[in-house]
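In: pasting the structure only:
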């Protein structure tokens, strides 16, 4: 396009920065009505091979106009030239040339296309087309027509139009206990500074999830919403290391450019799954086979669990070797998952006694996505994800005494004794 610059050196540099769209340039030092360029002193016009020479065109715009807009933000397309009127209009088409039928007209919710001029000056026309709430991102042809018209009337290509933003339909996931880095590629995302944000929301499956009123996902230590890593690509979100949350719920990933509220996250980039267990309570009884089943998403045959000693809900995160429960040689902790899909069942064996002779609910069941040591060997730092409380019912070990010739009564204390039928035997 044409823009005001100090001199031909800057005009040449502008053309170079827009290569290969810009193939040549013309600097108009003294534009006036006599030479056909009124009000265009010190204007630089970029030229592409598909545009007419400015000396023969009815307006000085032989350059390549590359209007760019970003999803979720207000969008204004501009055309530079002379003789522009408020009835002039532009059309964005998904084609390499203009004049195609209505099937080539690009569409985004919130965008008016075609669009008549919002404002015009001696050298420029602006077309405020609206805000694209979501849609495809790509480069399109920008077509011009003198006045309104049908799609086939827009036969003059005045450049390109780029809708910037991430592509859609991605399948995204993270895992509890691991750094959550989400990569979402797109079109023309590089920006300095980048103000892109990502929001994970609950998805009921009943319609468009990325709308005002959506419920944000909540996971301990996960940053949500999160701003993009402002690097060379501007397409990665480092959201932290999630520790706990509802892994059974379906989620959606919503994107926005420079949002001011949660209602601005209208671009649905894909589905999101949090892999790992959700909190549930487990109970076993001394002397009986202990089988526990986890609830969650994305389990694999590499998973394992370990029982930790303590009722502190963050016990697993700060687990020490001294806090790994010992229930006897016939009880396996840690234990690899049963190698049958859906990989949620663990056969731990039989507990012969409680850790430190303390039966009850002061235990937590800790999970590892893939321990570094093969169970029963353990590195407790691998088991940082809490799956919920673990209760071991049974008696406290205690000496009993009876006296010959006198009635003998045995008194037991422990956990859950009032909830079960049991018997004792003296051997």
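Out: Arrived safely, thanks for sending. Note that this is a predicted model, so its numbers are computed, not measured.
In: Just give me the neighbour total for the closest residue to residue 224 other than its chain neighbours.
Out: Leaving aside its chain neighbours, residue 224 sits nearest to residue 200 (5.2 Å; criterion: C-beta to C-beta, 6 or more residues apart in numbering). From N, CA and C alone the C-beta is placed, and that goes for glycine too. Residues contacting residue 200 under the criterion other C-beta atoms under 10 Å number 27.
In: Also residue 412?
Out: Residue 412, neighbours per other C-beta under 10 Å, totals 12.
In: That one contacts residue 424, correct?
Out: Yes. Judged on C-beta atoms under 8 Å, residue 412 makes contact with residue 424 at a distance of 7.2 Å.
In: Surely residue 357 is in contact with residue 399?
Out: No. The pair residue 357 and residue 399 does not pass the contact test of C-beta under 8 Å, sitting 12.0 Å apart.
In: Who has more neighbours out of these two?
Out: Between residue 357 and residue 399, residue 357 has the larger neighbour count (other C-beta under 10 Å), namely 11 against 4.
In: so what's that one up against?
Out: Listed by C-beta atoms under 8 Å, 6 or more residues apart in numbering, the contact partners of residue 357 are 396-397.
In: Please tell me the pLDDT value assigned to it.
Out: What the model reports for residue 357 is a pLDDT of 95.
In: got the contact list for the host helix or strand of the residue nearest to residue 224?
Out: For residue 200, the host element (DSSP states H and E) is strand 196-202. Contacts to strand 196-202, defined as C-beta under 8 Å, 6+ apart, come from residues 166, 182, 184, 189, 209-210, 214-217, 222, 224-228, 234, 237, 239, 249-259, 262, 265, 269, 272.
In: please redo it, this time with the cut-off set to 7 Å
Out: For strand 196-202, contacts defined as C-beta atoms under 7 Å, 6 or more residues apart in numbering pick out 182, 209-210, 214-217, 224-228, 234, 237, 249, 251-257, 259, 262, 265, 272.
In: Report the buried residues of that strand.
Out: Going by neighbour count (16 or more other C-beta atoms under 10 Å), the buried part of strand 196-202 is 196-201.
In: what separates residue 44 from residue 120, distance-wise?
Out: As judged by C-beta to C-beta, to the nearest Å, residue 44 and residue 120 stand 20 Å apart.
In: now, which of the buried residues of strand 196-202 sits nearest residue 279?
Out: residue 200 (18.8 Å; C-beta to C-beta).
In: So what sits opposite that closest one in the bridge?
Out: Here residue 200 sits in beta bridges with residue 253, as judged by DSSP bridges.
In: Could you do residue 124 as well?
Out: Beta-bridge partners, per DSSP bridges, of residue 124: residue 80.
In: ok, residue 44 and residue 120, which is more surrounded?
Out: Higher neighbour count among residue 44 and residue 120: residue 44, with 24 against 18, using other C-beta under 10 Å.
In: Would you mind giving both backbone torsions of the closest residue to the more buried one other than its chain neighbours?
Out: Sequence neighbours aside, residue 11 is the residue nearest to residue 44 in space, at 3.5 Å (criterion: C-beta to C-beta, 6+ apart). Here is the backbone geometry of residue 11 (degrees, to the nearest 10): phi -70, psi -40.
In: one step back: what element comes up after the strand holding residue 200 heading to the C-terminus?
Out: Scanning onward from strand 196-202 (DSSP H and E), the first element met is strand 226-227.
In: quick one: strands adjacent to that next one?
Out: Applying DSSP bridges, one finds strand 226-227 paired with strand 196-202 (antiparallel).
In: and the strand it pairs with, how far out from the chain's middle?
Out: 6 Å (C-alpha atoms, centre = their mean, to the nearest Å).
In: model confidence over that strand, on average?
Out: On average, strand 196-202 scores 98.
In: Then stretch 372-383?
Out: Mean predicted confidence for stretch 372-383 is 97.
In: in that stretch, what's buried?
Out: 375, 378, 380, 382-383.
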